[in-house]
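Q: Can you look at this prediction? I've put the sequence above it.
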Amino acid sequence: MPQSAEKVLDHSLLFREPEYKEMFAKKRADMENMPATEKVQETADWTKSWEYREKNFARESLSINPAKACQPLGAVFAAAGFEKTLSFVHGSQGCVAYYRSHLSRHFKEPCSAVSSSMTEDAAVFGGLNNMVEGLKNAYALYSPKMIAVSTTCMAEVIGDDLQSFIIGAKDKESVPQDFPVPYAHTPAFVGSHTTGYDNMLRGILEGFWANAEVTKNETINIVPGFDGFAVGNNRELKRILDLMGVEYTILSDVSDQFDTPSDGEFRMYDGGTTLEAAKNAVNAKATISLQQYCSTKTLQYAKSFDQETASFHYPMGVAATDEFLMKVSEITGKEIPEELRMERGRLVDAMADSQATLHGKTYAIYGDPDFVYAMARFVLEFGGEPRHCLATNGTKPWAKKMQALFDSSPFGAECKAYPGNDLWHMRSLLATEPTDFLIGNSHGKFLERDTGVPLIRLTFPIFDRHHHHRFPVWGYQGGLRVLVTLLDKAFDALDAAGLEPGGDISFDLTR
Ligand code: SF4
């Protein structure tokens, strides 16, 4: 074998060595029992036909590559945004390994979370003992200031009651009686990571706010929602609010937790909303969510404390940012400063400079409902057509809202929203009605290879490209970054066409 301690090859080179090529060929010939190549190709081609598309969309009892994750992943993300908070997931260990690896592969940072390691016996007799022992160990080993408990499928299927388990564990002195252990039931077989985010955030707030005596003040709470670009976006959000002179509390701020520096010190916990701030947030005059579909229950809860509430769909692009800033200004009475007006003008200028490149381009977009709405809205702003908009965790009311968005623009005439559909549906859409570009996450690279539609990675999870999340996509500055990302892809596509035979007619330098 060519691998040795002196010459360590990455897999991409290693598996091209003759020994591996031979091994793969042998495996294929001896073990895979594949039909003839022509037959495979014929079937693959048929799955790109209109006939197959109709069958595919008639599918009811099976999801293939859903563009969503399960509830507890969102709960772990929400909990990571609070000061020295450890996520404790009641259920099986493998699930928690998945949340940790998913988040750390995206953010390129360690993600800490523990599980109660339920196995067969706990599945039969209930997981109380696991909770008692697990909380005790987590508290002793990792010195958190708060432990946020959520659940996996297993605990939910057998019906473990978190509230009574946590009371029981405290009675057995796993953690001190006054130690904060908020919880949320996060059954993974309903909803998605956005529901889990909402449930956990509400659970954490309930832990602090229930029975609180309220003394109203002038601060506002901001709920960012589940967001793969949270590191860049939350920092941009804080810059904008500081420029406006607004007093605010971000409820779940993961920007430091998922972006710790390399300076010789391991930070298991970093940054986040302080527990004191989370407690005081009950006194705020308003709670604003930047992602409506991530925060329904949280906003309802805030409303029950007589807080004004407002929600947006991921403030990306010109009009979406305008709306957000105007609402903040209206609630707080603070002016939108000249600096932000200038940033707005620069974004509009950049869009105008590049309109010839992007105008009329068609897009397929998938992701969470708020992101898809925002992306489609921004695309329409510069004259693009978001033809296929798909959200596996989108609902019929979401699709109606998307349709209203399409109807508001002449470029939306041929656009359609697909709620509850998956990436195998998207494959049929791209095969039968191709678009110029596909906007989504790393999972879209297989669609790109299969259908030839170039992929632009702009939403969670992004594993196979690095550090995008460090730059904002919210606000006018963020809009500029999104615009440049789309333009780069458009120019790459033009250059690629220029490399084809006879294409040198447009392989130019001046654009
Ligand atoms: S869907 Fe259920 S089993 Fe799968 S990772 Fe999520 S909680 Fe675990």
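A: Structure received.

Q: quick one: Thr362 and Leu423, what's the gap?
A: 18 Å (Cβ to Cβ, to the nearest Å). Glycine gets a C-beta too; all of them are placed from N, C-alpha and C.

Q: Checking the spatially closest residue to Leu14 that is not a sequence neighbour next. Helix, strand or coil?
A: In this structure, Leu14 finds its nearest non-sequential neighbour in Gln3, 6.0 Å apart by Cβ to Cβ, 6 or more residues apart in numbering. The three-state label given to Gln3 by DSSP: H, G, I helix; E, B strand; the rest coil is coil.

Q: Surely Gln3 touches Leu9?
A: Yes: using Cβ atoms under 8 Å, Gln3 is in contact with Leu9, at 5.9 Å.

Q: Is Phe88 within a helix or a strand, and which one?
A: Using DSSP states H and E, Phe88 sits in strand 85-90.

Q: which helices and strands sit right next to that strand?
A: helix 71-80, helix 93-107, strand 113-115, helix 128-142, strand 146-151 (3 or more Cβ pairs under 8 Å, 6 or more residues apart in numbering; DSSP states H and E).

Q: what number of residues lie near whatever residue of the stretch 401-511 of the chain ends up closest to the ligand?
A: Taking Cβ to the nearest ligand atom, the ligand has its nearest neighbour within the stretch 401-511 of the chain at Pro461, 14.3 Å off. A count of nearby residues for Pro461, using other Cβ atoms under 10 Å, gives 18.

Q: for the helix ranked longest in the chain, the distance to its chain's centre please.
A: For the chain, the longest helix by residue count, based on DSSP state H, is helix 475-499. Mean C-alpha position of helix 475-499 versus that of the full chain (Cα atoms, centre = their mean, to the nearest Å) differs by 22 Å.

Q: residues making contact with it?
A: Helix 475-499 has contacts (Cβ atoms under 8 Å, 6 or more residues apart in numbering) with 229, 232-233, 236-237, 240, 315-318, 321, 340, 343-344, 346-347, 350-351, 354, 357-358, 361, 378, 382, 436-437, 454, 456, 458, 471-473, 503-508, 511.

Q: Strands - which of the residues you listed land there?
A: Counting by DSSP state E, the members of these that fall within strands are 437, 456.

Q: Got a quick PyMOL command for the buried subset of the contacts of helix 475-499?
A: Restricted to buried positions by 16 or more other Cβ atoms under 10 Å, the PyMOL selection for the contacts of helix 475-499 reads:
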select buried, resi 229+232+233+236+237+240+315+316+317+318+321+340+343+344+347+350+351+354+358+361+378+382+436+437+454+456+458+471+472+473
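
Q: picking up where we left off before, out of the helices and strands packed on strand 85-90, deepest packed?
A: Compared across these, helix 71-80 shows the largest average neighbour count, a mean of 30 (mean count of other Cβ atoms under 10 Å).

Q: and it with strand 85-90, angle?
A: 160 degrees (axes from the mean of the first three to the mean of the last three Cα atoms, to 10 degrees).

Q: as a whole number, average confidence for helix 71-80?
A: When pLDDT is averaged along helix 71-80, the result is 98.

Q: Let me know whether that helix sits next to the ligand.
A: Yes: Helix 71-80 reaches the ligand (Cβ under 6 Å from any ligand atom) through Pro72.

Q: In terms of pLDDT, where does Val124 sit?
A: pLDDT at Val124 comes out at 87.

Q: separation between it and the ligand?
A: Between Val124 and the ligand the computed distance is 17 Å (Cβ to the nearest ligand atom, to the nearest Å).

Q: likewise Asp256?
A: From Asp256 over to the ligand (counting by Cβ to the nearest ligand atom), the distance is 27 Å.

Q: Please give the number of neighbouring residues around that residue.
A: Using other Cβ under 10 Å, Asp256 has 17 neighbouring residues.

Q: check which helix or strand covers the residue lying closest to it once chain neighbours are set aside.
A: Excluding the flanking residues, the one nearest Asp256 by Cβ to Cβ, 6+ apart is Gly271, at 2.5 Å. If you go by DSSP H and E, Gly271 is not part of any helix or strand.

Q: in which helix or strand would I find Tyr418?
A: Using DSSP H and E, Tyr418 falls within strand 416-419.

Q: List the contacts of that strand.
A: 372, 387-391, 394-396, 398-399, 402-403, 406, 425-426, 429.

Q: Buried residues of the helix or strand just after it, list them for me.
A: Per DSSP H and E, the first helix or strand lying C-terminal to strand 416-419 is helix 423-432. Within helix 423-432, the residues scored as buried using 16+ other Cβ under 10 Å are 423-432.

Q: Stretch 377-397 now?
A: 377-394.

Q: what's the burial count for the closest residue to the ligand within the stretch 201-350 of the chain?
A: Closest residue of the stretch 201-350 of the chain to the ligand, Cβ to the nearest ligand atom: Phe226 (15.0 Å). Counted by other Cβ under 10 Å, the residues lying close to Phe226 total 29.

Q: Distance check, it against Pro72.
A: 12 Å.

Q: re earlier: pull out the buried positions in the longest helix of the chain.
A: In helix 475-499, residues buried by neighbour count (16+ other Cβ under 10 Å) are 475-483, 485-487, 489-490.

Q: That helix - what's its average pLDDT?
A: 94.

Q: same thing with stretch 433-449?
A: 98.

Q: Also stretch 204-214?
A: 96.

Q: Using CSV, write out every CA atom in that stretch.
A: Taking C-alpha atoms only, stretch 204-214 is exported to CSV below (Å, rounded to 0.1, in the frame of the first residue of the first chain):
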residue,chain,number,x,y,z
ILE,A,204,-34.9,28.3,28.6
LEU,A,205,-36.9,31.5,28.9
GLU,A,206,-39.6,29.7,30.9
GLY,A,207,-36.9,28.5,33.3
PHE,A,208,-36.0,32.2,34.0
TRP,A,209,-39.3,34.0,33.4
ALA,A,210,-41.9,31.8,35.1
ASN,A,211,-43.2,33.6,38.2
ALA,A,212,-40.9,36.6,37.5
GLU,A,213,-42.0,40.0,38.7
VAL,A,214,-41.9,42.3,35.7
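
Q: which outside residues touch that stretch?
A: 78-79, 82, 146, 148, 180-183, 251-252, 275, 278-279, 281-283, 298, 301-302, 305-306.

Q: ok, now with 10 Å
A: 75, 78-79, 81-82, 85, 146, 148, 180-184, 202, 221, 223, 251-252, 273, 275-284, 287, 297-298, 301-302, 304-307 (Cβ atoms under 10 Å, 6 or more residues apart in numbering).

Q: C-terminal to the helix or strand where Gly203 lies, what's the next element?
A: Assigned by DSSP H and E, Gly203 falls within helix 193-209. Following helix 193-209 in sequence order, the next helix or strand is strand 220-223 (DSSP H and E).

Q: what sits up against the host helix or strand of Lys27?
A: Using DSSP H and E, the element containing Lys27 is helix 18-27. With contact meaning Cβ under 10 Å, 6+ apart, helix 18-27 is reached by 1-3, 11, 14-15, 17.

Q: can you tell me which two in the residues you listed are farthest apart?
A: Farthest-apart pair in the contacts of helix 18-27 is Met1 and His11; separation 13.0 Å (Cβ to Cβ).

Q: how about stretch 352-365 as PDB, C-alpha atoms only?
A: C-alpha atoms of stretch 352-365 as PDB (Å, rounded to 0.1, in the frame of the first residue of the first chain):
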ATOM      1  CA  ALA A 352     -27.300  48.300 -10.300                       C
ATOM      2  CA  ASP A 353     -23.600  47.900 -11.500                       C
ATOM      3  CA  SER A 354     -24.100  44.200 -11.900                       C
ATOM      4  CA  GLN A 355     -27.700  44.000 -13.100                       C
ATOM      5  CA  ALA A 356     -26.800  43.000 -16.600                       C
ATOM      6  CA  THR A 357     -25.200  39.900 -15.300                       C
ATOM      7  CA  LEU A 358     -27.900  38.700 -12.900                       C
ATOM      8  CA  HIS A 359     -31.100  40.100 -14.500                       C
ATOM      9  CA  GLY A 360     -33.300  37.300 -15.800                       C
ATOM     10  CA  LYS A 361     -31.200  34.500 -14.300                       C
ATOM     11  CA  THR A 362     -33.300  31.600 -12.900                       C
ATOM     12  CA  TYR A 363     -32.700  29.900  -9.600                       C
ATOM     13  CA  ALA A 364     -33.800  26.900  -7.600                       C
ATOM     14  CA  ILE A 365     -33.600  27.500  -3.900                       C
END
